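**Q** Give me a 3D structure for the following:
(one chain, ligands or ions: 1)
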Amino acid sequence: MDPEEFRRAGHAVVDWIADYWATLGQRPVTSQDPPGALAAALPAGPTADGEPVEAVLADLDALVAPRLTHWQHPGFFGYFPANTSGPSVLGDLVSAGLGVQGMLWATGPACTELETVLLDWLAGLLDLPERFRSTGRGGGVIQDSASSATLVATLGALHRAGGGRWREAGIDRRYRAYTSTQGHSSIEKAARIAGLGSDGVRMVEVDPETLAMRPEALREAIRADLAAGDVPAIVVATIGTTSTTAVDPLPEIGEICAEYGVWLHVDAAYAGAAAVCPELRWSHAGLEYADSYCFDPHKWLLTGFDCDAFWVADRGELIEALTVLPEYLRNAATESGAVIDYRDWQVPLGRRFRALKLWFVLRWYGVEGLRAHVRAGVALAGRFADRVRADDRFVLAGPHPFSLVCFRLAAGDEASAELLSRVNATGRVFLTHTRVGGRYTLRLVVGSPLTTQSHVDEAWALVSEAAGTVLSDAG
Ligand SMILES: *Cc1c(COP(=O)(O)O)cnc(C)c1O
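**A** Residues are numbered from 1 along each chain as shown. Got it, this is the predicted structure:
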């Protein structure tokens, strides 16, 4: 494909994406096909001779798109959003076209420097503590996901807790990680990969009302482990848990971590984006205690997957934990100590130019544009919650500080599960569920930039109508 052929085919692909977005609201949000439908429709292998891009686009339309869950659909209210945007896609396209490998500063100086500066911008945008800025001892890096950020934080914590012994000899003592019972599954996975095992993770009790970690329970768990000769290495606190967006009390947790010298990692994968709005920064109180922090611009900040922003307060510790320098990567810039080599801040060696999509997003929307996006989500979720609150067939399952609303039918678990299945079967909206205090609970999260008031009102109309049929069928 020469540059002229690329230009022509590229325009066709951009047109395809623009048409997809423009007509997305008319599609069913999820596919109703059984497993294996796409696999059965595909040929046994590639054609012997090449085909034009138009042939691929035709199959995208006929075979692939109908079998997707449409995450950018205005009626997508499931999980957490994984939103994207025009500027993000264009920035990613440039990154793909450049094909730069940014493992070392020397292998793409601008790739590293843009990322460092943008993570400082982002730290300013969220008003994160000064200690995370690259102008001091800290700094930020883009990871593929919050899961990777937690793994890397765990490795940094093990290095601190075990010193050279961990780095050279691996796990030789009983290291422990702590999170609440509401902590994300990626914390246990990181513990397994890092060699602590699932048993190395202490699931700390939460307050039954707020579902936030109980600091006294954390202290008791750390004390018990110390008494048993174990080594508390890392506490992972959450701002905005996945199930209900509970916010762990960082000021108290931070005090405890400081007292026992334990690494505090703060996982704000979804809710971190809220901190672009000054009125939502209460959720980040106490963050000055954290040794590391991450959030996913790829969830709620209009930047396509993958883009997790991860900061450490002391980059030296992280680099010491992860650096391995073979002869073939040696270069004058690295030896000088004057540059950042991001390969030492992550698990893989190679890395693509992800800062570009973030740069396109920050420049296109500006600070006020990003705030408007978050505020719209919070307001629309509030509007939906008001409808739920005003209807006595429903129970609002706790506060909704961000853009997630948790609710259930007062009639019980079976009715609530049936409600979800009927609402999703309409194909107009997609909601997911969780359990809160053991009770089956529906989750509605607003996050797609295409979602407007009319979509949220339609979601409520569908929920309300389906509740009527569920309750009358029940009896
Ligand atoms: C979504 C989520 C994660 C995992 O995010 P990835 O970036 O997909 O790894 C981790 N923690 C919390 C609280 C989340 O909501």
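**Q** Just give the nearest non-adjacent residue to whichever residue of the stretch 251-400 of the chain sits closest to the ligand, would you?
**A** The nearest approach of the stretch 251-400 of the chain to the ligand comes at residue 269, 3.4 Å away (Cβ to the nearest ligand atom). Where C-beta positions appear, they are placed from N, C-alpha and C, glycine not excepted. Nearest residue to residue 269 in three dimensions, chain neighbours excluded: residue 146, at 3.9 Å (Cβ to Cβ, 6 or more residues apart in numbering).
**Q** Just give me the neighbour total for the one you found.
**A** As a burial measure, residue 146 scores 25 neighbours (other Cβ atoms under 10 Å).
**Q** That one reaches residue 271, doesn't it?
**A** No - taking contacts as Cβ atoms under 8 Å, residue 146 lies outside contact range of residue 271: 11.3 Å.
**Q** Mind listing residues that contact the helix or strand bottoming out on mean pLDDT in the chain?
**A** Sorting the helices and strands of the chain by mean pLDDT, DSSP states H and E puts helix 332-336 at the bottom, at a mean of 90. For helix 332-336, the external contacting residues (Cβ atoms under 8 Å, 6 or more residues apart in numbering) are 104, 105, 106, 325, 339, 341.
**Q** thinking in terms of the whole chain, how far from its middle is it?
**A** 34 Å (Cα atoms, centre = their mean, to the nearest Å).
**Q** continuing past it, what's the next helix or strand?
**A** Next in sequence after helix 332-336, counting helices and strands by DSSP states H and E, comes helix 355-389.
**Q** which strands and helices sit next to that following helix?
**A** Packed against helix 355-389 by the contact rule (3 or more Cβ pairs under 8 Å, 6 or more residues apart in numbering; DSSP states H and E) you find helix 86-98, helix 109-125, helix 297-300, strand 394-396, strand 404-409, strand 439-445, helix 453-474.
**Q** could those go into JSON lines alongside mean neighbour count and distance to residue 173?
**A** Compiled in JSON lines, those are given as follows (neighbours: other Cβ atoms under 10 Å; distance: least, Cβ to Cβ, whole Å):
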{"stretch": "helix 86-98", "mean neighbour count": "18", "distance to residue 173": "42"}
{"stretch": "helix 109-125", "mean neighbour count": "19", "distance to residue 173": "33"}
{"stretch": "helix 297-300", "mean neighbour count": "28", "distance to residue 173": "36"}
{"stretch": "strand 394-396", "mean neighbour count": "18", "distance to residue 173": "46"}
{"stretch": "strand 404-409", "mean neighbour count": "26", "distance to residue 173": "39"}
{"stretch": "strand 439-445", "mean neighbour count": "22", "distance to residue 173": "40"}
{"stretch": "helix 453-474", "mean neighbour count": "16", "distance to residue 173": "51"}
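**Q** For residue 205, find the nearest of the ones you listed.
**A** Among the helices and strands packed on helix 355-389, the nearest to residue 205 by Cβ to Cβ is strand 439-445 (18.4 Å).
**Q** what domains does the record give for this protein?
**A** Domains of the chain are assigned by automatic domain parsing as 3-68, 100-352, 360-473.
**Q** From residue 290, how far out is residue 310?
**A** Counting by Cβ to Cβ, to the nearest Å, the gap from residue 310 to residue 290 is 11 Å.
**Q** Help me confirm that residue 255 is found in a helix?
**A** Yes - under DSSP: H, G, I helix; E, B strand; the rest coil, residue 255 sits within a helix.
**Q** correct me, but it touches residue 289?
**A** Yes - counting by Cβ under 8 Å, residue 255 touches residue 289, with 7.2 Å between them.
**Q** Pick out whichever of those two has more residues nearby.
**A** Remark: of residue 255 and residue 289, residue 289 carries more neighbours, 20 against 15, as counted by other Cβ under 10 Å.
**Q** hang on, the earlier thing: give me the common contacts of residue 146 and residue 271.
**A** With Cβ under 8 Å, 6+ apart, residue 146 and residue 271 have common neighbours residue 295.
**Q** Out of the helices and strands packed on helix 355-389, which gets nearest to residue 180?
**A** Using Cβ to Cβ, the helices and strands packed on helix 355-389 put strand 404-409 closest to residue 180, at 16.7 Å.
**Q** and that closest one, does that touch the ligand?
**A** No - judged by Cβ under 6 Å from any ligand atom, strand 404-409 makes no contact with the ligand; its nearest approach is 10.0 Å.
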